[in-house]
Every structure is written in C-alpha cells, then in structure tokens.
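> Provide a 3D model corresponding to the input given below.
(one chain, ligands or ions: 2)
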Amino acid sequence: MPARFITLEGIDGAGKSTHLTWLTQWLARHAIDHIITREPGGTPLGEQLRALLLHEPMHLETEALLMFAGRREHLHQVIQPALAAGRWVVSDRFTDASFAYQGGGRGLSEAKLRELEHWIGGIQPDLTLLFDVPLAVSQARMASSRQLDRFEQEQSDFHARVRQAYLDRAHAYPQRFRIIDASRPIADIHAELTHLMETFIA
Ligand SMILES: Nc1ncnc2c1ncn2[C@@H]1O[C@H](COP(=O)(O)OP(=O)(O)OP(=O)(O)O)[C@@H](O)[C@H]1O
Ligand SMILES: Cc1cn([C@H]2C[C@H](O)[C@@H](COP(=O)(O)O)O2)c(=O)[nH]c1=O
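Ligands and ions are numbered 1, 2, ... in the order given. Purely as a prediction, here's the structure:
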C-alpha cells in the first residue's frame, strides 16, 4: 500500500485531538507505519514559530508568512522524507487551515494564499478529515479547556467565518475531504471513522 498523507482540520474545540488519538490507535492496529505531526509545528523551528504564532500579536501577512515558512520546513524535513520512505503521515492541520483562518477568518485574499502555497511547492493531502461542529458546541468545549491562545480568544464571528471557509473548501475538493459531524457522541464518530478508514484503505 503506498504511503498516504492524511490531515485533520476543524475549528478550535471541534475535537481533532480526541480523534487523532483514535486514528493513531487505528493505524497501529492495522500495522501501518506512520508518523503523527502538527502545524503550526512539526519541526524544532516550526515549534518555535508556533509559540510566536499562538501568543504574539502580529500583522495578518506576517502571520500568514510564518505559517507558510513553518510549512516549508515541515515539508522538507518531515513530511516528504516520511512519505518517500513509505511511512504514512498524519498531520493535525495543514494548508487548509491557512485558507480557513488567515483567509476566511482574517480576510487575507485567496490569491495571496495560493501564491504562498505555490511558492512552497505545497502538496495536497490524500485525505482530509474535517471535524465540523456548530459554534455553540465548540465554544462550550473550549470553555472547559486550558488557557486560550490568540486564535481561540477571537470573537465568535471569526470562528463562524473559519468554519464556513472550511466547509467551502470541503465542497470545492470533495475527492479528498470528508466532513464529519463532530457534534455527535464520540463513539458514533469513531464508528463513522472506522467505516471511512476501512473504505480508504480498501
Ligand atoms: N464528540 C464529543 N462529545 C463530547 N465531548 C467531546 C467530543 N469531542 C471532543 N470532546 C471534548 O471537547 C474538548 C475539546 O476536544 P479536543 O481537545 O479534542 O478539541 P480540538 O479540536 O483538538 O481542540 P484544539 O484544536 O483547540 O486542541 C475535550 O474536553 C474533549 O474531551
Ligand atoms: C496550521 C494553521 C493553524 N492555524 C491556527 C489554528 C489553531 O487555532 C492554531 C493551532 O492550534 P491547535 O490547537 O493545534 O489546533 O493555529 C492557523 O491560523 N493557520 C494555519 O495555517
């Protein structure tokens, strides 16, 4: 089976981390050699950029450039070598997050985002799991979590635009996106993921 590149996306508090744990166990049960990584982050430099991006105020274009700078390094150091070695890569967020947050959320033009994507030689995931929840659900989940970062602290209209941008991308790229209603009980979501992953590897 060729190595596959899978990404997990969704607004903050949608449940990505919860389902990433499940997916890691599913891959291990199927003896699929894989790595788990994340954005922003995934490399030592990327993790330093993550700390800045999540906590330091900055211009929108600086934010977008740093997201893509970290992604360039991530592709070069981690993602492409793993795929070339036959290992699956699962990334907690990737380029779709820039289109959703810097594009939909903050209003950076799609043309600029596409240019950055092209510039770093961005690849497309084979499968993108979009965990979709209404805002009220994500906000209730975030309320019970740790200290909120710069993105999580944004107003609800920001998160509404991010959600809509994700859904628009999912509809624009139906061949790789799967929209998962993540407002359901965790067991129901994992049953759907089981079916989805079995179909994906068939
Ligand atoms: N389907 C669900 N039903 C009920 N609670 C859930 C569900 N999914 C996740 N949760 C809970 O919601 C909280 C947030 O989940 P999680 O950390 O997985 O979200 P996340 O999308 O990864 O957030 P972030 O990206 O901000 O880390 C956790 O307490 C988790 O247990
Ligand atoms: C890759 C990427 C991420 N973001 C934002 C989205 C989240 O609010 C944070 C990361 O936090 P998480 O708990 O790891 O989900 O970063 C972004 O705005 N643009 C991006 O390209």
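> need the helix or strand of this structure with the lowest average pLDDT.
Using mean pLDDT, DSSP states H and E, the weakest-scoring helix or strand in the chain turns out to be helix 135-143, at a mean of 91.
> Return the set of buried residues in it.
Neighbour-count burial for helix 135-143, counted by 16 or more other C-beta atoms under 10 Å, picks out 137, 138, 139, 141, 142. (Glycine included, C-beta is placed from N, CA and C.)
> out of those, who's near ligand 1?
Of the entries in those, the ones placed beside ligand 1 under the rule of C-beta under 6 Å from any ligand atom are residue 141.
> Relative to residue 5, which of the buried residues of helix 135-143 is nearest.
When those are compared for distance to residue 5, the smallest value, 25.6 Å, is given by residue 138; criterion: C-beta to C-beta.
> Please name the nearest non-neighbouring residue to the closest one.
The shortest distance from residue 138 to any non-neighbouring residue, by C-beta to C-beta, 6 or more residues apart in numbering, is to residue 13 (3.6 Å).
> Distance-wise, check that neighbour relative to ligand 2.
9 Å (C-beta to the nearest ligand atom, to the nearest Å).
> what about that residue, neighbour count?
Using other C-beta atoms under 10 Å, residue 13 has 23 neighbouring residues.
> confidence score at it?
Per-residue confidence for residue 13 comes out at a pLDDT of 93.
> just for this protein, where's the confidence low?
Low-confidence segments of the chain (pLDDT under 70): 145.
> which parts of the strand or helix carrying residue 82 are buried?
With elements delineated by DSSP states H and E, residue 82 resides in helix 80-84, which encompasses its position. For helix 80-84, the neighbour count (16+ other C-beta under 10 Å) marks 82, 83 as buried.
> and that helix, what does it pack onto?
strand 88-92 (3 or more C-beta pairs under 8 Å, 6 or more residues apart in numbering; DSSP states H and E).
> ok, the strand it packs on: who's next to it in the sheet?
When pairing is defined by DSSP bridges, strand 88-92 lines up against strand 5-10 (parallel), strand 34-38 (parallel).
> any idea how far ligand 2 is from the residue nearest the centre of the chain?
With distances taken as C-alpha atoms, centre = their mean, the chain has residue 93 as the residue nearest its mean C-alpha position (1.8 Å). Counting by C-beta to the nearest ligand atom, the gap from residue 93 to ligand 2 is 4 Å.
> sorry, back to before: now for the buried residues of helix 135-143: which two are most distant?
137 and 142 (9.8 Å).
> Near ligand 2, which residues of this protein? Just list them.
Proximity of the chain to ligand 2 (C-beta under 6 Å from any ligand atom) is limited to residues 12, 38, 39, 40, 67, 92, 93, 97, 98, 101, 102, 151.
> Could you pull up phi and psi at the residue nearest to the third one when sequence neighbours are not counted?
With sequence-adjacent residues excluded and distances taken as C-beta to C-beta, 6+ apart, residue 39 is closest to residue 93, at 4.5 Å. With angles defined as degrees, to the nearest 10, residue 93 shows backbone torsions of phi 80, psi 150.
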